[in-house]
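K.L.:
here's my sequence, what's the structure:
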Amino acid sequence: MTLFTPTASWVMDEHRMFADAASRVYADELVPNIEKWNEQGRVDRAFWKVAGDQGLMGGSVPEEYGGAGGGMGFDAITIYEQGAVGDSGWGYSIQSIVLHYLLAYASEEQKQRWVPGLVSGERVAAIAMTEPGTGSDLQSVKTTAEKDGNHYRINGSKTFITNGQTADLIVVVAKTDKNAGAKGVSLIVMESEGTEGFRRGRNLKKLGMKANDTSELFFEDVKVPQTNLLGDEEGQGFYQLMRQLPWERLAIALTAQGCIDFALKETIAYVQERKAFGQRVMDFQNTRFKLAEMKTKAEVLRAFVNDCIARAEDGTLDAATASMAKYWGSQTQNEVMHECLQLFGGYGFMMEYPIARLYADARVQMIYGGTNEIMKELIARSIDV
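P.N.:
Numbers count the residues shown, from 1 in each chain. Reported below is the predicted structural model:
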């Protein structure tokens, strides 16, 4: 299966070539390691470098920062093709999100300092938003960044941070003005190596996405240069987050599409071979109807996702549309995984079959990036005007 629809306006020959190349890299370098990485709770750093060497992380990054100078479609392909080989563990989508924060808001000096290392895979990025008492309500973060000479002194804690165990470049969401609500939020980039007062907590044990290191982070009087502030002035963080969240939410829908396509392929192959009551499971009307339903859902989602990619390419992807993609994509993903696992019968409950892992991995897609309940509220606001 492919990400592209026949009428997708954004797709060019170079996108198809890039998709073929990404698929080969994943087949050769990622798929053989999925089980090992799930067991160890993280993806090897060596794979980040392989991905960088093969150009998987720089498709939408300007050439002056080590990228290929293309559009957002290349990032979309990298995310989709990962799901299409049945993986949710490698944390590239976060790398892409941070890259676009930097490209949008960093100074030229900051871009030159940080972007090339993320493109090459020499550095891994994370964005520290969620706190133990603050999830989707980002304006209520408690982590503070107070001026101390020419530095900020950061105090607070974060949790559920993707790439948290491996990241060496972390965008921290912090309050530079505790009394200003959303207008007091700023984004500050912290380089973790050798930074006193910064500590990683445990690699959290999760229901799914076990290869994706997800961590607690602690900041105790962590000194970061004021020159690491993203943007021209303090207090722009909430606006910056809102401007970039549509891409994060589309990325979740792209992962959903890739995983759906992989699950359908695996399930179709299984029911064509599995026998019950003297015939193939594929030959039962219930099986055929279930597959017809799932295939239809996959194609409806694909058409919408391609439309969203086209909007991301031309800069018109709005918050409500991205929220629809995230909500509908993750909801559809969970519905499809449920039905696919059922068609595997008892074997679907066994972890040696990928569908069991895909089923577990899918559940968080309805939670992170803003819960689906929050997505519905954002969509509703666009209606009630």
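
K.L.:
so Ala126 lies in a helix, does it not?
P.N.:
No - Ala126: not assigned to a helix; according to DSSP: H, G, I helix; E, B strand; the rest coil it is strand.

K.L.:
I'd like to know how many residues surround it.
P.N.:
Residue neighbour count, defined by other C-beta atoms under 10 Å, stands at 29 for Ala126. In short, each C-beta sits where N, CA and C put it, glycine included.

K.L.:
669 is where my numbering starts, stick with that
P.N.:
Happy to do that; since the first residue is 669 now, the last one works out to Ala794.

K.L.:
wait, doesn't it sit right on Ala835?
P.N.:
Yes - Ala794 lies in contact with Ala835 (C-beta atoms under 8 Å); the separation is 3.6 Å.

K.L.:
joint contacts of those two?
P.N.:
Ile829 (C-beta atoms under 8 Å, 6 or more residues apart in numbering).

K.L.:
show me what contacts the residue lying farthest from the centre of the chain?
P.N.:
Each residue of the chain has a distance to the centre, and by C-alpha atoms, centre = their mean the biggest one is for Gly946: 43.7 Å. With contacts defined as C-beta under 8 Å, 6+ apart, Gly946 is in contact with no residue.

K.L.:
just the pLDDT for it.
P.N.:
According to the prediction, Gly946 has pLDDT 95.

K.L.:
with Gly720 instead?
P.N.:
Reported pLDDT at Gly720 in the predicted model: 98.

K.L.:
same check, this time on the one 4 residues further on
P.N.:
According to the model's per-residue confidence, Leu724 sits at a pLDDT of 98.

K.L.:
name the helix or strand for it, please.
P.N.:
Under the assignment given by DSSP states H and E, Leu724 is not contained in any helix or strand.

K.L.:
for it, grab the count of nearby residues.
P.N.:
27.

K.L.:
list the contacts of the nearest residue to it once chain neighbours are set aside.
P.N.:
Nearest non-adjacent residue to Leu724, counting by C-beta to C-beta, 6 or more residues apart in numbering: Thr746, 5.0 Å away. The contact partners of Thr746, by C-beta under 8 Å, 6+ apart, come to 690, 724-725, 727, 760, 764.

K.L.:
packing partners for the helix ranked longest in the chain?
P.N.:
Identified as the longest helix of the chain according to DSSP state H is helix 905-941. On a contact count with 3 or more C-beta pairs under 8 Å, 6 or more residues apart in numbering; DSSP states H and E, helix 905-941 meets helix 740-752, helix 760-773, strand 837-843, strand 853-859, strand 947-948, helix 953-982, helix 987-1012, helix 1022-1030.

K.L.:
and for the helix or strand following it, what's in contact with it?
P.N.:
Downstream of helix 905-941, the next assigned helix or strand under DSSP H and E is strand 943-944. Contact partners of strand 943-944, identified using C-beta under 8 Å, 6+ apart, comprise 949, 952.

K.L.:
strand partners of strand 943-944, parallel vs antiparallel please.
P.N.:
Based on DSSP bridges, the pairing partners of strand 943-944 within the sheet are strand 947-948 (antiparallel).

K.L.:
can you give me the offset of the partner strand from its chain's centre?
P.N.:
Distance of strand 947-948 from its chain centroid, counting by C-alpha atoms, centre = their mean, to the nearest Å, is 39 Å.

K.L.:
swap in stretch 691-711?
P.N.:
How far stretch 691-711 lies from its chain's middle: 17 Å, per C-alpha atoms, centre = their mean.

K.L.:
same deal with stretch 768-787?
P.N.:
Mean-position distance between stretch 768-787 and its chain equals 19 Å (C-alpha atoms, centre = their mean).

K.L.:
and that stretch, what's buried?
P.N.:
By 16 or more other C-beta atoms under 10 Å, the buried positions in stretch 768-787 come out as 768-770, 773-774, 778-779, 781-787.

K.L.:
end to end, how far does it reach?
P.N.:
End-to-end distance for stretch 768-787, by C-alpha to C-alpha, to the nearest Å: 11 Å.

K.L.:
gap between Phe828 and Ile928?
P.N.:
Using C-beta to C-beta, to the nearest Å, Phe828 is found at 24 Å from Ile928.
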